[in-house]
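A.B. asks: model this:
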Amino acid sequence: MLHLYIMRHGETDYNKQQLAQGASDIPLNETGKAQAADARKELAQKEITFDAIYASPLIRAIETAEILTGKSREAFTIDDRLVEMHFGEAEGKSFVKNSFAMTLLNTDPEHYDAPAGGETVHEVFERAGDFLDAMRERYAEETKEKDLHVFVATHGMTIRAMLGVIRGTGPARIWETRIGNCDIFHLTLNNGIYEEMPMLLSHFDPYDPH
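C.D. replies: Numbering: from 1, shown residues only. The predicted structure follows:
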C-alpha cells in the first residue's frame, strides 16, 4: 500500500497579510518556520519514516519540507505539478478585497475567470490529478509487496484540487475543506484506488489564508 502525506507549507508574510500568493516565491516567516518545527515534533511521535519526499518548486514548500524531514532539498523530487495555483496579475494583492475575478474564486470557483497570467481551478485540478496518477504508476509494483510512505510538500489550493479529485467533488466544492499552515492530509493507495484517511496533523487555524 502507498501512503501519501500531503502537507501545506508554513506561514509566510503574504499569508499573514492575506495577500494572493500563488506562484510568487515567498519564503517562510519566523512563525512558519516554528510551525514546521512543531509539526516535526508531532510527527516524530508517530514514528513514520518517509521512503521518498516530493516538493513544490516554491521556496516556502521546500523550506517546510527541509525543516519537517531534516533533509536538504537535494534529497527531494521537485515536481512542478505541486506548485500553488497561479493568480496572475492579482498576486500580491488582497485576497479578500480584490477584483471581480478573485471575488468569483471565493464564491463560484467553478466559473472563476482567472486574471491575466493566472490559472483556472479546472487547470489546477488537471495537474493535481496528473500528479496522483503519476504516484499510482510510479509505485504500483513496489507497493504490491510492502507499504511505502511518501511525503509531499505543497500548497492549499493544490491540496484542495487533490482532495476534489479523490472525492469526485470537482471545483465547485473546493472551499468545503479548511487547510491551515502545516496541516497534513493522509491518502492511501491500494489496488489502484485512493482513499482519504483521517488527517495526520490539523492545527485548526482560525482563518485559512491562501
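A.B. asks: what residue ranges in the chain score low on pLDDT?
C.D. replies: Residues of the chain that meet the criterion pLDDT under 70 lie in 96-101, 204-210.
A.B. asks: Tell me where it has strands.
C.D. replies: For the chain, applying DSSP state E gives strands covering 2-8, 52-55, 77-78, 148-154, 184-190, 193-196.
A.B. asks: I'd like those written out as CSV, with mean neighbour count added.
C.D. replies: In this view, the C-beta of every residue, glycine as well, is placed from N, C-alpha and C. As requested, those are exported to CSV (neighbours: other CB atoms under 10 Å):
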stretch, mean neighbour count
strand 2-8, 24
strand 52-55, 22
strand 77-78, 14
strand 148-154, 23
strand 184-190, 19
strand 193-196, 13
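A.B. asks: want to throw the ones you listed into TSV with distance to Asp25?
C.D. replies: Formatted as TSV, the strands of the chain follow (distance: least, CB to CB, whole Å):
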stretch	distance to Asp25
strand 2-8	16
strand 52-55	13
strand 77-78	13
strand 148-154	14
strand 184-190	23
strand 193-196	30
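A.B. asks: how about stretch 69-88 as CSV, C-alpha atoms only?
C.D. replies: Extracted as CSV, the C-alpha positions of stretch 69-88 are listed here (Å, rounded to 0.1, in the frame of the first residue of the first chain):
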residue,chain,number,x,y,z
THR,A,69,12.1,15.9,7.4
GLY,A,70,15.5,17.1,8.5
LYS,A,71,16.8,16.6,4.9
SER,A,72,18.1,19.1,2.4
ARG,A,73,16.3,19.9,-0.9
GLU,A,74,18.9,17.8,-2.8
ALA,A,75,17.1,14.7,-1.3
PHE,A,76,13.7,15.9,-2.7
THR,A,77,12.0,15.3,-6.0
ILE,A,78,10.8,18.7,-7.1
ASP,A,79,7.6,18.5,-9.1
ASP,A,80,6.1,21.5,-10.9
ARG,A,81,2.6,19.9,-10.7
LEU,A,82,2.8,20.7,-7.0
VAL,A,83,3.1,24.4,-7.4
GLU,A,84,0.4,26.7,-6.0
MET,A,85,-2.4,28.0,-8.2
HIS,A,86,-1.1,30.9,-10.2
PHE,A,87,-3.2,34.1,-9.6
GLY,A,88,-1.6,36.1,-12.5
